[in-house]
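J.: coords please:
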Amino acid sequence: MLEGRRIVLIGGTGDLGTACAEAFLSKGSNVIATGNRHLERLQALKETFREKLVILSCDVRDPASVSLAAQSSLNMGMIDSVVFNAGITRDNLVLSMEDDEWNSVLAVNLTGAFNVARAFGKILFRQRRGKFLFVSSVSARKGGRGQANYAASKAGLEAFTRAFALEMASRGVLVNVVSPGPLEGTMSGQVMEIAGDEVKRRLALGRLGKPSEVAQFISHMLDPEFSWATGSIFPIDGGFAI
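T.: I've put the predicted structure just below:
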């Protein structure tokens with residue numbers, strides 16, 4: 001049950017982010033959703049759920065911006081869970097990849113996760129309870145043409161999570177990863193253009209996942225009764241990695 005739980009959703013404006021916000025809110029949670037752009041995508045939910053949803057601007061690349069979001073979240077009350085869903089792609093073949101295409105993806109997907117873990121981790125550490133959930137990708141384990149930067153950032157995120165889980169375990173804070181496969185939506189668009197047929201062949205279930213399906217899986221992981229897993233990676237990928 002998520003009724004009355006306070007969940008911070010870092011990266012709430014994309015397809016999966018808005019699906020997560022809706023899933024958490026529908027189960028009775030209080031949600032603090034952040035984004036660096038396109039915050040208007042959350043406004044429809046705000047109109048429905050009103051005071052249950054707080055929208056904050058946050059640039060995960062900027063430690064000061066993340067610290068401000070953490071303090072603002074704490075000011076609203078005890079934090080039960082932090083979901084890190086911020087992520088970008090800048091696809092290109094390695095031999096053609098520009099420095100900015102590499103650096104920008106690592107800055108958001110990996111360094112951004114570190115910034116969030118450090119700022120919010122201090123809060124959960126003092127609380128002696130809470131959950132971190134980082135959203136990775138099947139790309140961390142299954143290579144894709146044109147996604148060396150993205151794959152490296154997600155593989156690094158999974159290694160980071162395991163180390164962070166060890167550091168937080170003594171305080172009763174659970175740290176896990178959910179690793180989705182290819183989903184319907186804008187982020188998968190370029191990948192499907194480059195390797196769509198190959199992607200579909202790899203999917204044992206024969207279709208892309210829906211953001212709502214992953215959002216429901218994440219909401220189950222945030223349930224207080226989900227309480228004896230930490231440092232674990234949970235794939236939800238339609239059989240892509242089999």
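J.: could you give the average pLDDT over the longest helix belonging to the chain?
T.: Scanning the chain for the longest helix, with DSSP state H as the assignment, gives helix 148-169. Taken as a whole, helix 148-169 carries a mean pLDDT of 98.
J.: in it, what's buried?
T.: 148-158, 160-161, 164-165, 168 (16 or more other C-beta atoms under 10 Å). Quick note: C-beta positions are derived from backbone N, CA and C, even for glycine.
J.: same question for stretch 87-102.
T.: Quick answer for stretch 87-102 (16+ other C-beta under 10 Å): 87-92, 97, 101-102.
J.: give me the mean pLDDT for that stretch.
T.: 96.
J.: chain center to that stretch, what's the gap?
T.: Counting by C-alpha atoms, centre = their mean, to the nearest Å, stretch 87-102 is centred 20 Å from the centre of its parent chain.
J.: endpoints of it, how far apart?
T.: Stretch 87-102 has an end-to-end distance of 13 Å (criterion: C-alpha to C-alpha, to the nearest Å).
J.: swap in stretch 137-149?
T.: 13 Å.
J.: give me the contact list for it.
T.: 87, 89-94, 97, 101-102, 105-106, 150-151, 154-155, 157-158, 179-182, 190-191, 194-195, 199, 202, 235, 237, 240-241 (C-beta atoms under 8 Å, 6 or more residues apart in numbering).
J.: could you tell me which of these are located in strands?
T.: 179-180, 235 (DSSP state E).
J.: confirm that Leu56 sits in a strand.
T.: Yes: looking at Leu56 with DSSP: H, G, I helix; E, B strand; the rest coil, it is inside a strand.
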